[in-house]
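Student: Mind looking at a prediction? Sequence and model below.
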Amino acid sequence: MSVCCLNCFNDYAIKNLIEESGNIDGCNYCDSNDIKTMPLSEVGEFIRAGIERAYESLDQSRYFQMQRSLGESCFGDWPIDIMTDRDAFSQKLVNLNKQEDLINDLLRASMPHFEYIQHGERLEIINTGLVLKDKLFGRDENRFAINWSHFKNSVKHFSRYFDINYNREELLEPLAELLEKAKKTLNSGDYFWRIRGVDDSFQVDNIDDKEIGPPPNEMAKVNRMSPAGIPYLYCGSSIAVCKEEISLEDNSYLIIGKFKLEEDIDIIDLSEVTRIYNKSIFDPEYDHEMYWANKFMEHFCEEVSIPVSDDNESLEYVPTQLISEYIRKLGYKGIKFNSSQLDGHQNYVFFCGRDIHDLPFDYFSKALDSFKDWFEIVDIQVENI
């Protein structure tokens, strides 16, 4: 009976299988001796199951149907391609040029009964091209994208302030697992900028901290990450981006504040996609929808920064305002996102508000943290427009 061994593979899941269930013997493929080995039929079945988690028959896929309708050529992957692309073979086996012999023997030794293939219970792997499952619409047809789309439509067009026949937090739970991977720690001593435009009537010779901090509650306008009345602190990564983000119309001066962070805080960074790594397809815990998580997050990060016209912002900002509040509820202190006005620069929203001493007494019990608890304003300048 032919066997393969630990030294034939590089994939951790296949190696774990052989390590846990194999017997000491000599390998028929890489010529290793006194090493854990397993019969080809058992390893082959394990590899088949992994391929079936992530691939489907090309001629049965929507991808193939679409390409054919467009008159385009379409070729699938073969098992040797899948194993090679995923670096599943060991370098030792590759150096011996035995990888194709091994995968062919593994699949022959583990061939399921033809009735299982005929009834669609198992996948024909040896004699047909394969294609990644959901290749055509995977970015938009996974639990992250579907729930986010449902959430947006519900809060924009069905119910906004109370859950009626749906639960917003349940819809956002899949997104929470991706947001956790986008966590970023801002360090004490990091600097941020904020700019406010004022007209000629403003007394620019006598400016204090509250003139450059978050606005009073009643003056907090609709923003991308906060509704009217909730005065989060918005800052930029540079003076340049702050100038691009504000309207200069009817303003005569710019008040420029430089803020220094006083403590380490955790935020969600939506300015770039943190690479999300999935498990091997040969791992029984492989989650195929996680394969599309990076594509979804790329789209999501673009979406939360996309320019919105003034006429539509009160509606189009609703989903980002609510996701912002959800992130706040998860315990994060803010969000970093790309500027829609200046490429390559970022904005920040921090979930802190006006200094508590500047609020009426009845706000004390339900006030945001004072921005002065998180930041020191180290410089205020006035610039003529």
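Tutor: In hand now; what should we look at? Residues are numbered from 1 along each chain as shown.

Student: got the domain boundaries for the chain?
Tutor: As assigned by automatic domain parsing, the chain contains the domains 3-132, 182-270+305-384.

Student: closest to residue 142 out of those?
Tutor: Between residue 142 and the domains of the chain, the shortest separation by C-beta to C-beta is 12.8 Å, and it involves domain 3-132. Bear in mind the C-beta positions are built from the backbone N, C-alpha and C, glycine included.

Student: Quick one: mean pLDDT for that closest one?
Tutor: Mean pLDDT, domain 3-132: 89.

Student: measure that domain end to end?
Tutor: The first residue of domain 3-132 is 29 Å away from its last residue (C-alpha to C-alpha, to the nearest Å).

Student: mind giving me TSV with the domains of the chain and columns for mean neighbour count and distance to residue 138?
Tutor: Listed next are the domains of the chain as TSV, based on neighbours: other C-beta atoms under 10 Å; distance: least, C-beta to C-beta, whole Å:
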stretch	mean neighbour count	distance to residue 138
domain 3-132	17	8
domain 182-270+305-384	17	20
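
Student: Residue 288: which of those is closest?
Tutor: When these are ranked by proximity to residue 288, the top entry is domain 3-132, at 5.6 Å, counting by C-beta to C-beta.

Student: Pull the contacting residues for residue 138.
Tutor: With contacts defined as C-beta atoms under 8 Å, 6 or more residues apart in numbering, residue 138 is in contact with 132, 291, 292, 295.

Student: hang on, the third one packs against residue 137?
Tutor: So that's residue 292. No: with the criterion set as C-beta atoms under 8 Å, residue 292 and residue 137 do not qualify as a contacting pair; they are 9.5 Å apart.

Student: Those two - which one has more neighbours?
Tutor: Neighbour totals were compared for residue 292 and residue 137, and residue 292 leads with 24 against 13 (other C-beta atoms under 10 Å).

Student: got a pLDDT number for the more buried one?
Tutor: You'll see residue 292 listed with a pLDDT of 92.

Student: Quickly note the distance from it to residue 312.
Tutor: Separation of residue 292 from residue 312 (C-beta to C-beta, to the nearest Å) stands at 28 Å.

Student: Tell me where the stretch 101-250 of the chain has strands.
Tutor: Remark: strands assigned in the stretch 101-250 of the chain by DSSP state E, counting those that start in this stretch are 130-132, 183-186, 191-198, 233-236.

Student: Do me a favour and get the backbone dihedrals for residue 347.
Tutor: With angles defined as degrees, to the nearest 10, residue 347 shows backbone torsions of phi -110, psi 160.

Student: wait, what's in contact with residue 318?
Tutor: The contact partners of residue 318, taken as C-beta under 8 Å, 6+ apart, are 155, 156, 160.

Student: So for the first one, what's the pLDDT?
Tutor: It stands for residue 155. At residue 155 the predicted local confidence, pLDDT, stands at 95.

Student: Neighbours of it, how many?
Tutor: That count, for residue 155 with other C-beta under 10 Å as the rule, works out to 20.

Student: now the helices: where do they sit in the stretch 151-300 of the chain?
Tutor: 168-181, 239-245, 288-291, 293-303 (DSSP state H, counting those that start in this stretch).

Student: JSON lines please, covering those helices and showing distance to residue 372.
Tutor: Rendered in JSON lines, the data for the helices of the stretch 151-300 of the chain read as follows (distance: least, C-beta to C-beta, whole Å):
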{"stretch": "helix 168-181", "distance to residue 372": "28"}
{"stretch": "helix 239-245", "distance to residue 372": "20"}
{"stretch": "helix 288-291", "distance to residue 372": "41"}
{"stretch": "helix 293-303", "distance to residue 372": "31"}
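
Student: So for residue 45, which of these sits nearest?
Tutor: Smallest distance to residue 45 across the helices of the stretch 151-300 of the chain (C-beta to C-beta): 19.2 Å, for helix 288-291.

Student: for that closest one, packing partners?
Tutor: Using 3 or more C-beta pairs under 8 Å, 6 or more residues apart in numbering; DSSP states H and E as the contact definition, the elements that helix 288-291 packs against are helix 40-54.

Student: which helices and strands sit right next to the helix it packs on?
Tutor: Of the remaining helices and strands, those touching helix 40-54 by 3+ C-beta pairs under 8 Å, 6+ apart are strand 3-5, helix 12-21, helix 79-85, helix 99-109, helix 288-291.

Student: how about a cut-off of 6 Å?
Tutor: Using 3 or more C-beta pairs under 6 Å, 6 or more residues apart in numbering; DSSP states H and E as the contact criterion, the elements in contact with helix 40-54 are helix 99-109.

Student: If we ignore the residues flanking it in sequence, what's nearest residue 376?
Tutor: Residue nearest to residue 376 in three dimensions, not counting chain neighbours: residue 260, with 4.8 Å by C-beta to C-beta, 6 or more residues apart in numbering.

Student: no wait, residue 380
Tutor: For residue 380, the nearest residue in space outside its immediate sequence neighbours is residue 257; the separation is 5.3 Å by C-beta to C-beta, 6+ apart.

Student: The one you found: what's it in contact with?
Tutor: Counting by C-beta atoms under 6 Å, 6 or more residues apart in numbering, residue 257 makes contact with 194, 212, 377, 380.

Student: do the same with residue 332
Tutor: Contact partners of residue 332, counting by C-beta under 6 Å, 6+ apart, are 266, 267, 268.

Student: before we move on, the earlier item: Throw the domains of the chain into CSV and include distance to residue 174, thanks.
Tutor: Rendered in CSV, the data for the domains of the chain read as follows (distance: least, C-beta to C-beta, whole Å):
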stretch, distance to residue 174
domain 3-132, 19
domain 182-270+305-384, 12
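
Student: which stretch among those domains comes nearest residue 284?
Tutor: Between residue 284 and the domains of the chain, the shortest separation by C-beta to C-beta is 7.7 Å, and it involves domain 3-132.

Student: mind checking how far that closest one is from the chain centre?
Tutor: In terms of C-alpha atoms, centre = their mean, to the nearest Å, the gap separating the centre of domain 3-132 from the centre of its chain is 30 Å.
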